[in-house]
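Q: give me a 3D structure for the following:
(chains A, B, C and D)
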Number of protein chains: 2
Amino acid sequence: MAKPDPDTQPSLTRNQKAVVTALKGADTPLTAYDILGLAPIRRAGMKAPLTIYRALDKLIDLGLVHRIESLNAFVHCGHGPHDHATGFLICTDCGRTLEVHLESCERHLAGRARDQGFAVDDVRVEMTGRCPGCAQAPAP
Amino acid sequence: MAKPDPDTQPSLTRNQKAVVTALKGADTPLTAYDILGLAPIRRAGMKAPLTIYRALDKLIDLGLVHRIESLNAFVHCGHGPHDHATGFLICTDCGRTLEVHLESCERHLAGRARDQGFAVDDVRVEMTGRCPGCAQAPAP
DNA sequence: AACAAAATGTTATGATATAACGTTTAAAGA
DNA sequence: TCTTTAAACGTTATATCATAACATTTTGTT
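A: The predicted structure follows:
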């Protein structure tokens, strides 16, 4: 008799679930068209880019997915919804990303902005380089 | 008899000059297609997107232009070439941007990355909000 | 002049993202 | 429960951003 998802999730739709599951299962960020090409997504009946973008928009809104601007790609947020800024470490070798939280840095960055009279809504940080695994390997 | 540009500029080509001049004259970031549509650019004979992108690539390489990832747009770098990371404050009202330098923040951010065993090449920060002028005006 | 490297012109195409419109589904109030 | 409203969805078309491939020209160097 209990409702399906009391308060764990705001009950995602079928499309939204399919997309977030796809991102959870990926080990690199996926573009909307990457997602569109996945078998489970087609099986869920999703076949137009807009369907993917709509699900992504909602998931980003909920804080379950992040967009990586410099890749035009999307990742699952492993940390659950959070209010402070996040940064991404993007490995240029293997393409994997690592999410880092920026509690303290955010204050610093937003402070620099406020020095200029700027009211900050959102802070996005993206860093490229080589991840622990790839940093050990000889440069290609 | 003297050379045209002794050491002020690494002697930009005509296309590169046209593009950097266009960006200097703009008060918001411009997309490649924005630039392509400008009269001085057409007068310089540039008429294909690739022509613009090639000039932009070189100018970014030289540190004279920055790309704003979240806008797919480009701005002139008013600070001349520099080695430390830069951040951008992007006003969601008027579309103007402000460049801030991140000498100290960069150490902090890169430090967070190194904690994770990540070797950082490049740091990009983009912040959205409202600029001094627009912050005063009543919210739309 | 001869060569090499960089920049350019041109055409075509790939990749990313949204508009517009009608229908279906789900949530909320009477 | 029925009605109303908002959100999500499907479908088609199209807008926007970016690069591939290849031939040619320009520029800098020996």
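Q: neighbouring contacts of stretch A:11-24?
A: For stretch A:11-24, the surrounding residues in contact (Cβ atoms under 8 Å, 6 or more residues apart in numbering or on different chains) are A:4-5, A:30, A:35, A:38, A:40-41, A:44, A:46, A:51-52, A:54-56, A:58-59, A:64-65, A:74-76. All C-beta atoms are positioned from the backbone trio N, CA, C, and that covers glycine.
Q: ok, now stretch A:51-66?
A: Here stretch A:51-66 has contacts from A:10, A:12-13, A:15-16, A:18-20, A:23, A:32-33, A:35-36, A:41, A:46, A:67, A:74-77, A:80-82, A:86, A:88, A:99, using Cβ under 8 Å, 6+ apart.
Q: anything in that stretch near DNA strand C?
A: Yes. Against DNA strand C, stretch A:51-66 shows contacts by Cβ under 7 Å from any atom of the strand at A:Tyr53.
Q: what about A:Leu102, neighbour count?
A: 21 (other Cβ atoms under 10 Å in any protein chain shown).
Q: among the contacts of stretch A:51-66, which ones are buried?
A: Buried subset of the contacts of stretch A:51-66 (neighbour count, 16 or more other Cβ atoms under 10 Å in any protein chain shown): A:12, A:15-16, A:18-20, A:23, A:32, A:35-36, A:41, A:46, A:67, A:74-77, A:86, A:88, A:99.
Q: what residues does chain A have near chain B?
A: For chain A, the contact set with chain B under Cβ under 8 Å from any Cβ of the partner chain comprises A:69-70, A:87, A:89, A:91-92, A:98, A:100, A:102, A:104-105, A:108-110, A:112-113, A:116-132, A:135.
Q: of those residues, which belong to helices?
A: A:Ser104, A:Cys105, A:His108, A:Leu109, A:Ala110, A:Arg112, A:Ala113, A:Pro132, A:Ala135 (DSSP state H).
Q: show me what contacts the nearest residue to the fifth one once chain neighbours are set aside?
A: The spatially closest residue to A:Ala110, leaving aside those adjacent along the chain, is A:Val120, at 4.6 Å (Cβ to Cβ, 6 or more residues apart in numbering or on different chains). By Cβ under 8 Å, 6+ apart, the residues touching A:Val120 are A:Leu109, A:Ala110, A:Ala113, A:Arg114, B:Leu89, B:Met127, B:Thr128, B:Gly129.
Q: let's go with 6 Å and repeat that
A: Contacts of A:Val120 were listed using Cβ atoms under 6 Å, 6 or more residues apart in numbering or on different chains, and they are A:Ala110, A:Ala113, B:Met127, B:Gly129.
Q: okay, who's weakest in these by pLDDT?
A: Lowest pLDDT among the contacts of A:Val120: A:Ala110, with 85.
Q: so in chain A, where's the weakest helix or strand by average pLDDT?
A: Every helix and strand in chain A was compared by mean pLDDT, DSSP states H and E; the lowest is helix A:103-115, with a mean of 85.
Q: tell me which strands and helices it is in contact with?
A: strand A:119-130, helix B:103-115 (3 or more Cβ pairs under 6 Å, 6 or more residues apart in numbering or on different chains; DSSP states H and E).
Q: nearest to DNA strand D, out of the ones you listed?
A: strand A:119-130 (14.3 Å; Cβ to the nearest atom of the strand).
Q: quick one, strands of chain A?
A: For chain A, strands defined by DSSP state E occupy the ranges A:65-68, A:73-76, A:86-91, A:97-101, A:119-130.
Q: got those as JSON lines, with distance to DNA strand D columns?
A: Converted to JSON lines, the strands of chain A look like this (distance: least, Cβ to the nearest atom of the strand, whole Å):
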{"stretch": "strand A:65-68", "distance to DNA strand D": "13"}
{"stretch": "strand A:73-76", "distance to DNA strand D": "13"}
{"stretch": "strand A:86-91", "distance to DNA strand D": "15"}
{"stretch": "strand A:97-101", "distance to DNA strand D": "19"}
{"stretch": "strand A:119-130", "distance to DNA strand D": "14"}
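Q: in the sheet, which residues pair with the spatially most central residue of chain A? Tell me.
A: Taking Cα atoms, centre = their mean, the centroid of chain A lies closest to A:His66, which sits 2.3 Å from it. Under DSSP bridges, the beta-bridge partners of A:His66 are A:Val75.
Q: any idea how far A:Leu71 is from DNA strand C?
A: 8 Å (Cβ to the nearest atom of the strand, to the nearest Å).
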